[in-house]
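Participant: Output the structure for:
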Amino acid sequence: MEYRWYAIQTTAGHENKVRSLIERKIQSDPRPPEERPIRQVMVPTETVTEIKNGKKVTVERKKYPGYVLVEMVMNQETAAIISGIQGVIKFVGQGWTPQPLRQEEVNRLLGIEVPSEEEEKEEIPLMVGQVVEITEGPFTDFSGTVQEVLPDKGKVRVSVSLFGRPTTVELDYLQLRAH
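Facilitator: Got it, this is the predicted structure:
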C-alpha cells in the first residue's frame, strides 16, 4: 500500500471540523492501524507574531485556510469516504484526479526540513529609503524614512522629523506601515 499526502479543499472555517470527522473515520476503522488505508489528517498551522492593543502576541494561524491534508492510500473506497465527509468540497488535483503532494512539500509542511539560519530571521518587508507611517507607540501617526533594516532584531531604524530636526528612532517593524 502506498501512502501519499493529499490536499482536500473544505468549506472555509470548517478545517478543524473536517479534520475531527476524518479522525473519527480513522478511529472507527476496525482494521489494525498499520492496515488502515487512511493514516492521518492535519490542518497545517504556523505561529505568527501580531500586535494587538499595542502588545506583541503569538497566535496560531492556518497556513492554508480552506484546506486539510490527509495521508492515505488513494483508491475508490478512500476517495468515497473522504468525499462523503461533511464540509469536504473536493480533492486538489487535475480535473477529477486527486494529485498527491510532492515529498518536499510534505517535509516542509511537517517541519521535517531543518530550517537554515536565514529562514529563522524574520523577513522584514521594508527597504532603506522607503517612506513609512508609524502606527503604534509614542510616534504614532508620524511619517518617516527607513534608514536601516535590522532583520536579526526584527527592528527598523526610521528617520522622523521632530521639532524640525531629523531624529532616528528604532522601532519594531510591526509598528510600521509602508506608504
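Participant: Quick check: the spatially closest residue to residue 176 that is not a sequence neighbour vs residue 106, distance?
Facilitator: Nearest non-adjacent residue to residue 176, counting by Cβ to Cβ, 6 or more residues apart in numbering: residue 132, 4.4 Å away. The C-beta positions use only the backbone N, C-alpha and C, and glycine is treated the same way. Separation of residue 132 from residue 106 (Cβ to Cβ, to the nearest Å): 38 Å.
Participant: what's the answer for residue 4, then?
Facilitator: Using Cβ to Cβ, we find residue 4 at a distance of 9 Å from residue 106.
Participant: cool, and residue 153?
Facilitator: Distance from residue 153 to residue 106, by Cβ to Cβ: 33 Å.
Participant: Quick one: residues contacting the residue most central in space within the chain.
Facilitator: In the chain, the C-alpha nearest the mean C-alpha coordinate belongs to residue 63, at 2.5 Å (Cα atoms, centre = their mean). Counting by Cβ atoms under 8 Å, 6 or more residues apart in numbering, residue 63 makes contact with 44, 45, 46, 109.
Participant: swap the cut-off to 6 Å and go again
Facilitator: Contact analysis of residue 63 by Cβ atoms under 6 Å, 6 or more residues apart in numbering lists 44, 46.
Participant: could we number from 50 for the rest of this?
Facilitator: In the new numbering, first residue 50, that becomes residue 112.
Participant: Stretch 51-59: how far from the chain's middle?
Facilitator: Centroid separation for stretch 51-59 versus its chain: 18 Å, with Cα atoms, centre = their mean, to the nearest Å.
Participant: Tell me, how many residues neighbour residue 59?
Facilitator: 23 (other Cβ atoms under 10 Å).
Participant: Look up which residues are beta-bridged to it.
Facilitator: Beta-bridge partners for residue 59, by DSSP bridges, are residue 137.
Participant: Would you check that it makes contact with residue 117?
Facilitator: Yes - with contact defined as Cβ atoms under 6 Å, residue 59 counts as touching residue 117 (5.5 Å).
Participant: Now list whatever residues contact both of these two.
Facilitator: Each of residue 67 lies in contact with both residue 59 and residue 117 under the rule Cβ under 6 Å, 6+ apart.
Participant: For this structure, name the helix or strand with the lowest mean pLDDT.
Facilitator: helix 166-169 (a mean of 46; mean pLDDT, DSSP states H and E).
Participant: C-terminal to that helix, which secondary structure element comes first?
Facilitator: strand 180-183 (DSSP states H and E).
Participant: Looking at residue 181 and residue 155, which has the bigger crowd around it?
Facilitator: Neighbours were counted for residue 181 and for residue 155 using other Cβ under 10 Å; residue 181 has more, 21 against 15.
Participant: Pull up the gap between the more buried one and residue 154, please.
Facilitator: 34 Å.
Participant: cool, residue 77 as well?
Facilitator: 29 Å.
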